[in-house]
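Novice: Take a look and give me a structure for this.
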Amino acid sequence: MSAKYLVGFDGSEASKRALSFAVERAAAAGRSVVIAHVLEWSPYSFLTPTELEERHARRKEEIERAETALLAPVIAEMSGKGVEVETALKYGHIANTLNELANADGVEQIFIGRNGHSGVGARIFGSVAGTLVQIAPVPCTIVP
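Specialist: Residues are numbered from 1 along each chain as shown. Okay, here's the model as predicted:
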């Protein structure tokens, strides 16, 4: 199995810069790229059976929307860049899920974009980049 680079991708300009940066490095190093999109969804809520059914339907819709509106266009854009690309679409906490993907998939490095938001919210709740850098099993590159 060849080494892979994992890119956290949400369609933002920051994630597009991270993907571009990772693809350039992957092409130069002969690596493949895993484009990962994480849909935040907490399993920790108490729901009635009806609410669970509705939630399952919403999850299915979100997955289909993410695959067609977000991942399919970026895969098409990456074809012809000289890099093998695959995708991962998961539910969960973004930093934890990227960490799990890095552990399970033979990832050599993680790339994420910095969105530039700072302030009280980031200090209270933390940021994906800050959390990922602390827990990741491999080096992380945060692309400005």
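
Novice: just the strands in this structure please.
Specialist: Assigned strands in the chain, in chain order: 4-8, 32-39, 85-91, 107-113, 140-143 (criterion: DSSP state E).

Novice: how far is the shortest one from where the chain is centred?
Specialist: Think strand 140-143. 13 Å (CA atoms, centre = their mean, to the nearest Å).

Novice: And for the third one?
Specialist: On the basis of CA atoms, centre = their mean, the separation between the geometric centre of strand 85-91 and that of its chain is 7 Å.

Novice: now swap in the longest one and tell me
Specialist: In terms of CA atoms, centre = their mean, the gap separating the centre of strand 32-39 from the centre of its chain is 5 Å.

Novice: What residues of it count as buried?
Specialist: 33, 34, 35, 36, 37, 38, 39 (16 or more other CB atoms under 10 Å). All C-beta atoms are positioned from the backbone trio N, CA, C, and that covers glycine.

Novice: Which two among the residues you listed are spaced furthest apart?
Specialist: Within those, 33 and 39 form the most distant pair, 19.9 Å apart (CB to CB).

Novice: Helices of the protein, start to end?
Specialist: When assigned using DSSP state H, the helices of the chain occupy the ranges 13-29, 49-65, 72-78, 94-104, 120-125, 128-135.

Novice: Quick one: those as JSON lines, columns for distance to residue 110, mean pLDDT and mean neighbour count too.
Specialist: Below are the helices of the chain laid out as JSON lines (distance: least, CB to CB, whole Å; pLDDT from 0 to 100; neighbours: other CB atoms under 10 Å):
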{"stretch": "helix 13-29", "distance to residue 110": "9", "mean pLDDT": "95", "mean neighbour count": "18"}
{"stretch": "helix 49-65", "distance to residue 110": "22", "mean pLDDT": "82", "mean neighbour count": "11"}
{"stretch": "helix 72-78", "distance to residue 110": "17", "mean pLDDT": "92", "mean neighbour count": "14"}
{"stretch": "helix 94-104", "distance to residue 110": "6", "mean pLDDT": "92", "mean neighbour count": "19"}
{"stretch": "helix 120-125", "distance to residue 110": "19", "mean pLDDT": "50", "mean neighbour count": "9"}
{"stretch": "helix 128-135", "distance to residue 110": "7", "mean pLDDT": "88", "mean neighbour count": "17"}
